[in-house]
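# sharing a model that was predicted from the sequence below.
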Amino acid sequence: MAPVPEGGGSRNLLEPNKEQIKILWLIGGYMVGILVLWQMPYLKHLLYPFKLVTIGLHEFGHACMACVSGGKVKSITVDPNLGGLTTYVGNRRTQCLALPAGYLGSSLLGGILVFCGFNVTASKGAAIMLILCLVLTMFWARNLLAFGICLFFAGIVGLLWWLEGGKYLKYFTLFLGVMSCIYSILEILDMLVLRKSNGSDAEQFAEKYGIFPAQGWGFIWLLVSLIFLVGAILAGLAAFKDSGEPGTNTGSN
């Protein structure tokens, strides 16, 4: 039986083990790399396909919530200039729920991917969820770019699942999760700091429902997105003390 630390183990629940420390460093490296490359001339194009797929996931958030709230999705398009559009029909409730679901939905999905990226087995479960999201986005896609980028990334996920038993899948899952969270956060910060609110989800939400200006709603969505990211990391630390890697010791009788 594995020894229990004196005073109980609950207080050490968030204390990372050696494998989790590596993952935390990896998350930090992903964040720094994304932030550095985001606006750098020429090098920023390395992130281009990942920006496109996160835009697709952003639009999927709108579409999914529109369906859940009783609406009907007509189309999803992704613009090569890093824009996206989801058209749907529905009642006032549909609009109220679907508008914030772009940023918040992609941040939540990113948080789930980060959480699952702490463990190989969990990352396979996340891969199934991700492929389902991409396939549904392809179903609603009405331009070749949206269809193609989703098909491309679904293929990468499938390839990584097959390659060496999926050992590399968690690193890709982790990166895509961080990218999805960072994309939402940076886009909202652009809206708050650079006042890029014209035509944004927050601008439309403020026009329809008032209470706060567009920047106010953007700030609320930013806080929620940060909570998703930080919460995913803390949950991953607590849930996956056994990394799932071969040779990991979990205690002995």
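It's in.
# in contact with the residue lying closest to residue 228 once chain neighbours are set aside, which residues are there?
Using CB to CB, 6 or more residues apart in numbering and skipping residues adjacent in sequence, the residue nearest residue 228 is residue 111, 3.7 Å away. (C-beta placed from N, C-alpha, C; glycine too.) Applying CB atoms under 8 Å, 6 or more residues apart in numbering, we find residue 111 in contact with 177, 181, 228, 229, 231, 232.
# change it to 10 Å
Taking CB atoms under 10 Å, 6 or more residues apart in numbering, we find residue 111 in contact with 177-178, 180-181, 225, 227-233, 235-236.
# report how many residues lie close to the closest residue to residue 78 other than its chain neighbours.
The shortest distance from residue 78 to any non-neighbouring residue, by CB to CB, 6+ apart, is to residue 146 (4.0 Å). With neighbours defined by other CB atoms under 10 Å, the count for residue 146 comes to 26.
# and the helix or strand hosting residue 146, what's buried?
Using DSSP states H and E, residue 146 maps to helix 144-162. By neighbour count on 16 or more other CB atoms under 10 Å, the buried set for helix 144-162 is 145, 146, 147, 149, 150, 153, 154, 157, 160, 161.
# stretch 39-50 now?
47, 50.
# what's next to the helix or strand of the chain with the lowest mean pLDDT, contact-wise?
Least confident helix or strand of the chain, by mean pLDDT, DSSP states H and E, is helix 201-209 with a mean of 79. Residues outside helix 201-209 that contact it (CB under 10 Å, 6+ apart): 58, 61-62, 92, 95-96, 98-104, 187-188, 191-192, 196-197, 200, 211-222.
# picking that back up, the residue nearest to residue 78 contacts residue 137, correct?
Yes. Here residue 146 lies in contact with residue 137, judged by CB atoms under 10 Å, at a distance of 6.8 Å.
# in the stretch 101-250 of the chain, where is pLDDT below threshold?
191-199, 242-250 (pLDDT under 70).
# one more time with 80
165, 188-203, 206, 209-212, 214, 241-250 (pLDDT under 80).
# so where do the helices sit in it?
101-116, 120-140, 144-162, 169-193, 201-209, 214-239 (DSSP state H, counting those that start in this stretch).
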